[in-house]
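Engineer: sequence and computational prediction follow.
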Protein chains: 2
Amino acid sequence: MAETKPGKKSDRVTIREVAEDAGVSVAAVSKVLREAYGVSESLRAKVRASMDKLNYRPLASARGMRGQTYTLGLVLPDIRNPFFADILAGVNSALERTQYQLLMGTSHSQGPAEEALVEALIDRQMDGIIMIGTTEYMDRLAVIARQKPLVTIGHHAQSSEVFDTVNNDDQLGARLVVKHLLGNGFRNIAMLSLASTTSTILSERELGYRREMIEQGVGQNINIVRAPQTLREVQIAARRLLEGPNRPEALFCWTDFIALEVISVATELGLSIPDDLAIVGYDNTMYCDFAQNGLTSVDQSGELLGLQSARLLIERVRGRTEAEHYVVTPRVVARKSSKRRN
Amino acid sequence: MAETKPGKKSDRVTIREVAEDAGVSVAAVSKVLREAYGVSESLRAKVRASMDKLNYRPLASARGMRGQTYTLGLVLPDIRNPFFADILAGVNSALERTQYQLLMGTSHSQGPAEEALVEALIDRQMDGIIMIGTTEYMDRLAVIARQKPLVTIGHHAQSSEVFDTVNNDDQLGARLVVKHLLGNGFRNIAMLSLASTTSTILSERELGYRREMIEQGVGQNINIVRAPQTLREVQIAARRLLEGPNRPEALFCWTDFIALEVISVATELGLSIPDDLAIVGYDNTMYCDFAQNGLTSVDQSGELLGLQSARLLIERVRGRTEAEHYVVTPRVVARKSSKRRN
DNA sequence: TGTTCTACGTATAGCGTTCTACATTTTCAT
DNA sequence: ATGAAAATGTAGAACGCTATACGTAGAACA
C-alpha cells in the first residue's frame, strides 16, 4: 500500500472500473445504478456483485453534472427550536429506505442569510429543497421553485401553484387554545407573538385568536404583544406585560421555547402558574412534558409534517408538477400550566 | 420569457458565458474565481463586472469534479441536544466571510447511520468534515481522515496524527463538579453516565469523577450509573436511583438535557432540589438559566469549540498535514440546583 | 542587441457520471 | 418462415468547471 500524496489523489472506485470488473459497458452499470429500463436480471446481478466487491459508491457531483445528486436540502431558520428536531425526525424516517440523503443548513432566522443558504443549496445541485418557517416573500419562493422542486413547512401559501406546502391549521390551533383557556376559567387571555412582517403562520394564529376571542364574547380582552426573535427581547416584553397594569390571566405564546422563557420570567417574579398566570405554548415539544415545566401546548405533529414534506418533495423530484397542500389538524395537550383555576 | 419544460432545463449562467461577456478566455475566469496567480488587476475587474452583471454563481458539482466544492460537512449525532446549537453558531461565525458553506447531517446517535452519513458526505465531495461526538473507533476515523480533512469535536484522540481534535478537558470538568458539590456540602455524589463503549469524553469524565472522589476522601461513595441514550431509559434509571436505598445527595449528569430530565423525575417524586438532591449538568446550555431549572452546569464554551474546529478544518483543507489538538478549560457555573445545603 | 526572466493569457484535456442514439438479439404474431 | 416489435446492450457526447502546459509580450540584464 504505497502512501500517495497525503489527502490528495483519492483511490476512489469509478463506474469504469466496475464496468471492467463485470465485463460490461459503463452505460450498463449506469443503468443498474439508476434502476433504468433495459437491463436483464443476469446483467443486474453481475453488476451488483462487482459493485459490492469493489465497494463502489457513485460520486454525487459527477451524477449532478448530468442528472440527479440524490441529495435533498433542508433550510432551518433556527436550530435551537426543539420543534424542528421533530420535523427532522419525520423527514429522515421518510428518507430511510431511499437513496436520497438529507443535508441541512441554518439561516439563523435572518433574511439575507436564508437567501444565501438557498442559493448555496441550489449551487450544490440539491434535487429538491424543503424550507421550514421561511421568511421569504411569495415572489422569491416562486423564483426558487422555478429552479428546484420546493416544499415549505410552516408557511401558508395554499394558493401556490408552483410549490407544495405542509402546515397545520394554525388558525384552528389558536382557536383551540382560546377555547381551552376559557373552559378552564381564564378570560383575560393575551397572546405573545413574533414581530415579523412575513410570517404567515403567525398571522393565521393571531387571526384565530382574535376571532375566537370575539366569538366567545371576550373581544375586549384581546391583547397581542409582538416581540422580536431574541430571547432577551422576549424576556423584556414578558416582564413588561406581567409587571404592568392589567396583567393577563393567561398568556398564549407562539412557540414552546418562548413559553418556557415566560415560565422562567413568571417564576422569577414570584407568580404562581397557573393560578396567577396560565401559559400555553405551541408545538408540544418534549420539554413540555418535564415536570418543572408542565406546559400546555398545541400539538401539530412535527414528525408527520416532516414525513409528508419529504414524500411530497420526492414526488416532485420524480416529476409531479401540480401543487399539493397538506394540512394537519392540531390539538391541545393540556398540562399543569393551564389547569382550571380554583 | 418562454416557459421551458417545468423544473428541467435550467437557465444557469456558466463560466463560458461570463468569459464571452468579458471578452476573455474561460481559463481566465476560472483563475479569477479561484483567486489564482497570473491575473492582472484590469482583467480581474472586467471579469468581476461580468460575473455581477450576469449574476453568475459557480456550480459546486462541476468544481468538485476537478477541485474543491467549498462545502464543509458536519456530522451531528443528535439534533435535540441544545449544546450542539452553540457549537454550530461558532462554526457558522467562523465561516461567515469565507466562501465555504456548511452542510449538516444527523446520525441519530446510531453507529451504522453515522458511518453511512460520513460516506454520503464524502460522496458529495465535501472539502472537509467535522464530526461531533462521534462513536466511531479510531481506525475508522483514520480511514475517513485518509479521504478527507477531518476534525472531531468531543472525542479524545490527542495522539492522532491524521486528524485534528477539539475538546474541553473533560477530566478536569468532572473534577471541578465534584469539588463544587463537596464545597457545597454534598458528599454522596453519584454520576449518571451514558452506556457507550466508544465515548472517550464519557470515559474521561468518569475518570475525573473517580479520581477526584478518591482524592477528596469520598471514594466509598463512588457510584456510576450508565443509561442508554433514550429519554425513556434515562427516566427509568433515574427513578430507580432516586427511589432505591441509599439515594445520593447529588447527581452529576453527563449532559444538561439529561439533567433536565432528572429534575423532572425528582420533581415528580416530590424531592426538593437541591435540599433532597443536588443536580449538575454539563455544557451550560441556555435551558440551565431558566428559573424553573436553575441548573448548575459545566461550561465548555461550545461556540469557541465550533469556531476553532472550523479554523482548523480550513487550515487542513488548505494543506496543513500535521495534526493539531485544541483544548478548552471548562468551568462550573453554579446555580440553584446545587446551592449549599442548609 | 541579444538573452533571460517574469507576468499575463489561452487552449484544452480531463473529472465521473448520464443519456441519447443506435446496434444487436430475442420474442411473438402471423 | 417472416417481419415487426420488444428487449437488451454499447458507444460516445455532453455536463461546467479546474489545472496543466504552453504561448507571447515586455522588462531587465549583460
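Structural biologist: Received it, and whenever you're ready, just let me know what you need.
Engineer: other SSEs contacting the helix or strand hosting A:Leu72?
Structural biologist: Using DSSP states H and E, A:Leu72 sits within strand A:71-76. Secondary-structure packing of strand A:71-76 (3 or more C-beta pairs under 8 Å, 6 or more residues apart in numbering or on different chains; DSSP states H and E): helix A:83-95, strand A:101-106, helix A:111-123, strand A:128-132, helix A:302-317. C-beta: built from backbone N, CA, C; applies to glycine.
Engineer: can I get the ones you listed in JSON lines including mean pLDDT?
Structural biologist: Listed next are these as JSON lines, based on pLDDT from 0 to 100:
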{"stretch": "helix A:83-95", "mean pLDDT": "95"}
{"stretch": "strand A:101-106", "mean pLDDT": "96"}
{"stretch": "helix A:111-123", "mean pLDDT": "92"}
{"stretch": "strand A:128-132", "mean pLDDT": "98"}
{"stretch": "helix A:302-317", "mean pLDDT": "97"}
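Engineer: can you tell me the closest non-neighbouring residue to A:Leu192?
Structural biologist: Nearest non-adjacent residue to A:Leu192, counting by C-beta to C-beta, 6 or more residues apart in numbering or on different chains: A:Cys253, 4.7 Å away.
Engineer: can you check A:Leu76 too?
Structural biologist: Nearest-residue entry for A:Leu76: A:Thr106, 4.8 Å, with adjacent residues in sequence omitted and distances by C-beta to C-beta, 6+ apart.
Engineer: do you know how far A:Ser301 is from DNA strand C?
Structural biologist: 35 Å (C-beta to the nearest atom of the strand, to the nearest Å).
Engineer: what distance do you get for the closest residue to that residue other than its chain neighbours to A:Gly154?
Structural biologist: Leaving aside its chain neighbours, A:Ser301 sits nearest to A:Val328 (5.5 Å; criterion: C-beta to C-beta, 6+ apart). Using C-beta to C-beta, to the nearest Å, A:Val328 is found at 11 Å from A:Gly154.
Engineer: looking at these two, which is more packed in?
Structural biologist: A:Gly154 (25 against 17; other C-beta atoms under 10 Å in any protein chain shown).
Engineer: the more buried one contacts A:Ile130, correct?
Structural biologist: No. Contact criterion C-beta atoms under 8 Å: A:Gly154 and A:Ile130 do not qualify, at 10.6 Å.
Engineer: quick one, strands of the stretch 151-300 of chain A?
Structural biologist: Using DSSP state E, counting those that start in this stretch, the strands of the stretch 151-300 of chain A run over residues A:164-168, A:189-194, A:224-227, A:250-253, A:278-282, A:296-299.
Engineer: so which strand or helix has A:Arg80?
Structural biologist: Applying DSSP H and E, one finds A:Arg80 in no helix or strand.
Engineer: now for the residue nearest to it when sequence neighbours are not counted, how many residues are close by?
Structural biologist: Here the nearest residue to A:Arg80 in space, its sequence neighbours aside, is B:Ala85; by C-beta to C-beta, 6+ apart that works out to 4.7 Å. When counting by other C-beta under 10 Å, one arrives at 21 neighbours for B:Ala85.
Engineer: quick check: bridge partners of A:Val298?
Structural biologist: A:Tyr282, A:Val332 (DSSP bridges).
Engineer: that one and DNA strand C, how far apart?
Structural biologist: With C-beta to the nearest atom of the strand as the criterion, A:Val298 and DNA strand C are 43 Å apart.
Engineer: how close does that residue sit to B:Leu312?
Structural biologist: 43 Å.
Engineer: which residues touch A:Arg247?
Structural biologist: Residues in contact with A:Arg247 (C-beta atoms under 8 Å, 6 or more residues apart in numbering or on different chains) are A:Leu241, A:Leu277.
Engineer: can you pull the pLDDT of it?
Structural biologist: pLDDT, A:Arg247: 94.
Engineer: do you know which of the helices and strands packed on strand A:71-76 lies nearest DNA strand D?
Structural biologist: helix A:111-123 (8.6 Å; C-beta to the nearest atom of the strand).
Engineer: so does the closest one get close to DNA strand D?
Structural biologist: No. Residues of helix A:111-123 contacting DNA strand D under C-beta under 7 Å from any atom of the strand: none, with a closest distance of 8.6 Å.
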